[in-house]
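*Asks:* this is a predicted model, with the sequence first.
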Amino acid sequence: MTERTRFDPVRWSAFLAEDRRGALFRRGLEIAKRLVDDVRRPGDLWLDAGCGPGDLAHDLAASGLRVVALDADHAAATFVQRRDQRLAVIVGDAERLPLASGAVDGVVATSLAGCLGSLDRFLCEVGRTLRPGGAAVITFTNRPSVLLRVNRLLDVLFGGPPAEQCPGTIRAFSLGEVRRSLGAAGLVATAVRFYNFTLVVGRWSLPPTGGFEARIGSRHGRALARNFAVVAHKPGDGVS
């Protein structure tokens with residue numbers, strides 16, 4: 001991962017907990033946790049790729065999963081290990097996962113895809129390290145989102161978040177692009193969840209984060225939602 005994608009874990013943890021824009025990222029963690037719960041099995045081993053300050057890894061371990069937390073940054077890995085001794089924490093590149101083929105039952109990655117040099121390399125690594133029938137839950141910034149484009153314009157007009165909260169450009173993706181990349185990696189998309197139908201300007205958000213999620217279908221989601229999460233499976237064990 002490039003230097004610009006590395007976050008100070010203490011500042012990032014505080015940002016997730018307190019900042020209005022942090023609520024958008026928290027929503028992604030919540031969505032990912034729910035989707036993992038839908039596909040997990042007792043005793044599963046899951047990899048949290050790009051774990052950051054470890055919020056999701058901590059929640060997954062608390063729910064009874066065995067969890068490997070991976071981040072490219074030594075400071076983040078140290079922070080996560082001190083936070084939760086139940087986690088197996090490793091420093092490594094998400095595009096070259098330091099795990100054996102078929103080593104894990106699941107992979108989850110939130111707020112990571114847009115920071116990678118190559119989504120395709122990462123997804124191929126996900127496919128390699130998953131056992132047959134294993135699942136991946138990955139979140140993305142939604143490139144076609146009207147709300148995302150409007151919010152970027154509002155940031156230009158009224159001032160966006162501090163630089164340390166947005167270190168560089170985060171790549172966005174269309175759902176079609178993600179489906180093609182998953183297919184090339186030998187993975188099958190089985191569910192999609194659109195979320196964050198929100199504009200954020202300074203201390204204000206309109207509507208409240210995720211307010212319309214339950215009432216807007218996938219067609220509208222593609223046009224409006226700032227983010228989406230995909231569940232994908234590696235064929236095997238009855239999954240095709």
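*Replies:* Alright, I've got the coordinates.
*Asks:* pull the residues that contact the lengthiest helix in the chain.
*Replies:* Selection of the longest helix in the chain by residue count, based on DSSP state H, yields helix 22-39. For helix 22-39, contacts defined as C-beta atoms under 8 Å, 6 or more residues apart in numbering pick out 15-16, 46, 55-56, 59-60, 63, 65, 106, 108, 110-111, 135, 137, 139, 191, 193, 195-196, 198, 200, 205, 209-210, 226-227, 229, 231, 233. Any C-beta I mention is one placed from the backbone N, CA and C, and that applies to glycine too.
*Asks:* which strand of this structure spans the most residues?
*Replies:* With secondary structure taken from DSSP state E, the chain has its longest strand at strand 130-141.
*Asks:* could you tell me how far it lies from the centre of the chain?
*Replies:* On the basis of C-alpha atoms, centre = their mean, to the nearest Å, strand 130-141 sits 11 Å off its chain's mean C-alpha point.
*Asks:* name the helices or strands packed onto that strand?
*Replies:* For strand 130-141, the elements it packs on are helix 22-39, strand 104-109, strand 227-233, judged by 3 or more C-beta pairs under 8 Å, 6 or more residues apart in numbering; DSSP states H and E.
*Asks:* which element follows it toward the C-terminus?
*Replies:* Using DSSP states H and E, the helix or strand that directly follows strand 130-141 along the chain is helix 146-158.
*Asks:* so which elements touch that next one?
*Replies:* Counting by 3+ C-beta pairs under 8 Å, 6+ apart, helix 146-158 packs on strand 199-201, helix 218-224.
*Asks:* pick the most deeply packed of those.
*Replies:* Mean neighbours per residue, mean count of other C-beta atoms under 10 Å, is largest over those for strand 199-201, with a mean of 17.
*Asks:* least trustworthy helix or strand in this structure by mean pLDDT?
*Replies:* Lowest by mean pLDDT, DSSP states H and E among the helices and strands of the chain is helix 9-18, with a mean of 60.
*Asks:* tell me the centre residue of this structure?
*Replies:* The centre of the chain sits closest to Thr110, judged by C-alpha atoms, centre = their mean, with a distance of 1.2 Å.
*Asks:* that one and Asn142, how far apart?
*Replies:* As judged by C-beta to C-beta, to the nearest Å, Thr110 and Asn142 stand 14 Å apart.
*Asks:* with Leu47 instead?
*Replies:* Using C-beta to C-beta, Leu47 is found at 24 Å from Asn142.
*Asks:* who has more neighbours, those two?
*Replies:* Leu47 (28 against 25; other C-beta atoms under 10 Å).
*Asks:* then that one would be within a strand, right?
*Replies:* Yes: membership of Leu47 in a strand is supported by DSSP: H, G, I helix; E, B strand; the rest coil.
*Asks:* OK, contacts around it?
*Replies:* Residues near Leu47 by C-beta under 8 Å, 6+ apart: 67-70, 97, 99, 104, 106-108, 129.
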